[in-house]
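[1] make a model of this:
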Amino acid sequence: MDDQNKNLILATALSFIVILVWFVLFPPPEPDAVDPNVPTVSESEAAPVASRPAAATGGAAPVDTMATESVPEAPRLAISTPRLDGSISLTGGRIDDLKLKDYRDSIDPGSDTVQLLEPAGREHPYYALYGWAPGTGMAIEDVPGANTPWAIEVGDTLTPDTPVVLRWDNPTGIIFRRTLGVDNDFMFTVTQSVENASGGTAAMAPYGIIARNGEPPNRKKFFILHEGVVAMSDGELTETDYSDMPDLDVIPSEGARAEVVQVAQNGWIGFTDHYWMTTLIPAPGTAFKAVAKYDEARDIYQTEAVLPTLTLAPGESQQVTTQFFAGAKEWETIREYQAAGVDRFVDSIDWGWFFFLTKPIFAVLHWLNGVIGNMGWAIIGLTLLIKALLFPLAYKSYVSMAKMKELQPEMEKLKESAGDDRQKLQQGMMELYKKNKVNPAAGCLPILMQIPIFFSLYKVIFVTLELRHAPWIGWIRDLSMPDPSSILNLFGLLPFAPPDPTSFLAVISLGVLPIILGISMWLQQKLNPAPTDATQAMIFAWMPWVFMFMLGSFASGLVLYWIANNTITFTQQYLIMRTQGYKPDVFGNITRGFKRKSKTDSK
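    Alright, predicted model coming up:
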């Protein structure tokens, strides 16, 4: 076997092994199963909800942070913005009912809008709660908490133009107010104020809590995607998956398993799902205690931002303002919040280990989508740009391959003269390469360069919201999902549905794009004659079809990129090799392949 074939086999085998390992470790997630007949949970059956945290500093008394509390039906205050619908419960002043107007559960136009937050008593309670932890000399009933009955002092509907004010007076004469505002996207502003009219000194710590009962119902449980706690603490990003929270240390003062980080100046903490996020954001420059917490007995996940204790003399008033993000992880929107002062907020999107590639790849893809207006064509445009950047490397590679083809007759003569003397053959080949300035390893470089780009683009397509429900052409209505067509029903011509994605038949239920992918890889191989070695020839013959089945259940956007990449690579290689005096005989290589099979079958 000559060095050219050795290097081609090495590069092919390496790329095949890497993608095979990737496929085994990170298989495409199963589609969400939604049962429309699942009954809602009654109020009496609802899981317990969160209560107050311990204060950060200043001697506030610790309390049970996850006490069992019943939540009675309460009056509600409506939320209405261009992008949000929902309501606030006056019991506890919880932001616990929120829908995202711009997003639906499926590509069906009649499907429900995405329900982000749900009140206690529903199937999956998930909400934000604000309050005060009692300091030295104060009792729990002296400060507002999870079940405090707030009254509306100003406003009747929370909109971007009309903030609302809630009020609660404690029995000792201390007046608490909570002013809630919201912008046109997904950011709430929460100002907690207190007026000490009790005649004595009062100490208390303001806090914010995000609590959810159980894991998200549609959690992907996919290794490539982080879902769980995400936090920024003075420039350091930390991520704790839901499955890792039961392993946190038990902290007796917190009453549960918890991780506590003292933030000196800038930070935030919350929960991130595949496409949605909730985040507590204290004002920039504010010290606070960031807590990630899990109660195993009641299956409650909780994040907290607890600010330092405030001490109020008689007649004194103080207030604290924080922000609460609840919405979609839109790159452009989150970047605007970062520009407005939320420290490194863009890092809340899961860019992964290859962030130095995923971030610029997505930025270019987002720009192309804005220019073209279609994410599928934007992926093809991105492929063109990537190939243009790699063109100098590809040019050297294909020139080297063309020269290797020209040297083939001389290499055959060397083999005949060397006979069984392997050392003499190797020395002769090295001298031949050196004399003609040929690098036999150059052909491997484009393939090796494609591997991290492939992984990065896969991460971008799977993780980023902008590809969710993004159509391309015809039957491809969601580039974040596999091709919905199936060869088993002749792509919709036969009157029955394709197999369920969870069934074994789904493996062979190939759509149009995966089949085109296999054909494009096969045609790319035909730029060169099949290897004379039978083992090599068999590996080359099977590879396009193995890849076709491997990538068939991947996101359509990724398969589209791979097809575009193969097509451009075929064109580049053909034209460059022609300029070097070698004319690839594509049609001849195809017909010789069929003839070889016919001879084999006849034997």
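[2] mind checking how far Arg477 is from His469?
    8 Å (CB to CB, to the nearest Å). Every C-beta, even on glycine, is put in place using the N, C-alpha and C of the backbone.
[3] in a helix, that's where Val229 is, yeah?
    No: checked against DSSP: H, G, I helix; E, B strand; the rest coil, Val229 lies outside a helix; its state is strand.
[4] overlap of the contact sets of Arg477 and His469?
    Ile107 (CB atoms under 8 Å, 6 or more residues apart in numbering).
[5] any low-confidence regions in the stretch 51-200 of the chain?
    Scanning the stretch 51-200 of the chain with the threshold set as pLDDT under 70 gives 51-72.
[6] so Arg477 and His469 - more neighbours on which side?
    His469 (18 against 15; other CB atoms under 10 Å).
[7] for that one, give me its contacts.
    104, 106-107, 477-478, 480.
[8] please enumerate the strands of the stretch 251-400 of the chain.
    Remark: strands assigned in the stretch 251-400 of the chain by DSSP state E, counting those that start in this stretch are 256-263, 267-272, 276-282, 288-295, 300-306, 310-312, 317-328.
[9] I'd like the mean pLDDT over the last one, please.
    Okay, so that is strand 317-328. Average pLDDT, strand 317-328: 97.
[10] try the fifth one
    Looking at strand 300-306 alone, the average pLDDT works out to 96.
[11] show me where the stretch 351-500 of the chain dips below the pLDDT cut-off.
    In the stretch 351-500 of the chain (pLDDT under 70), the answer is 405, 439-447, 489, 491-493, 496-497, 500.
[12] any chance you could map the helices in it?
    Assigned by DSSP state H, counting those that start in this stretch, the stretch 351-500 of the chain shows helices spanning 355-372, 375-389, 391-406, 408-418, 422-436, 445-463.
[13] tell me which other helices or strands the shortest one touches.
    If I follow you right, that is helix 408-418. Packed against helix 408-418 by the contact rule (3 or more CB pairs under 8 Å, 6 or more residues apart in numbering; DSSP states H and E) you find helix 422-436.
[14] may I see the buried residues of the helix it packs on?
    Within helix 422-436, the residues scored as buried using 16 or more other CB atoms under 10 Å are 425, 428-429, 433.
[15] do stretch 562-569 as well
    So for stretch 562-569, counting by 16+ other CB under 10 Å, buried means 562-569.
[16] pick out the residue closest to the middle of this protein.
    Val463 (2.5 Å; CA atoms, centre = their mean).
[17] wait, it touches Lys220, no?
    No: the criterion here is CB atoms under 8 Å, and Val463 misses it with Lys220 at 10.1 Å.
[18] now list whatever residues contact both of these two.
    His274.
[19] Leu490: which of the buried residues of stretch 562-569 is nearest?
    Ile563 (20.9 Å; CB to CB).
[20] and that closest one, that one's in a strand?
    No: counting by three-state DSSP, one finds Ile563 to be helix, located in no strand.
[21] wait, doesn't it sit right on Ile516?
    Yes: here Ile563 lies in contact with Ile516, judged by CB under 8 Å, at a distance of 5.5 Å.
[22] and for Ala197, the neighbour number?
    With other CB under 10 Å as criterion, Ala197 counts 17.
[23] residue contacts, the nearest residue to it once chain neighbours are set aside?
    Using CB to CB, 6 or more residues apart in numbering and skipping residues adjacent in sequence, the residue nearest Ala197 is Gly173, 4.5 Å away. Counting by CB under 8 Å, 6+ apart, Gly173 touches 197-199.
[24] swap in Leu513?
    Leu513 touches 476, 483, 556, 559-560, 563, counting by CB under 8 Å, 6+ apart.
[25] nearest to Gln302, of the residues you listed?
    The shortest approach to Gln302 among these belongs to Ser556, at 37.4 Å (CB to CB).
[26] isn't the closest one right next to Leu479, touching?
    Yes: if you go by CB under 8 Å, Ser556 and Leu479 touch, sitting 5.0 Å apart.
[27] common neighbours of those two, please.
    Trp472.
[28] as a check, name the ranges of all strands in the stretch 451-600 of the chain.
    Using DSSP E, counting those that start in this stretch, strands in the stretch 451-600 of the chain do not occur.
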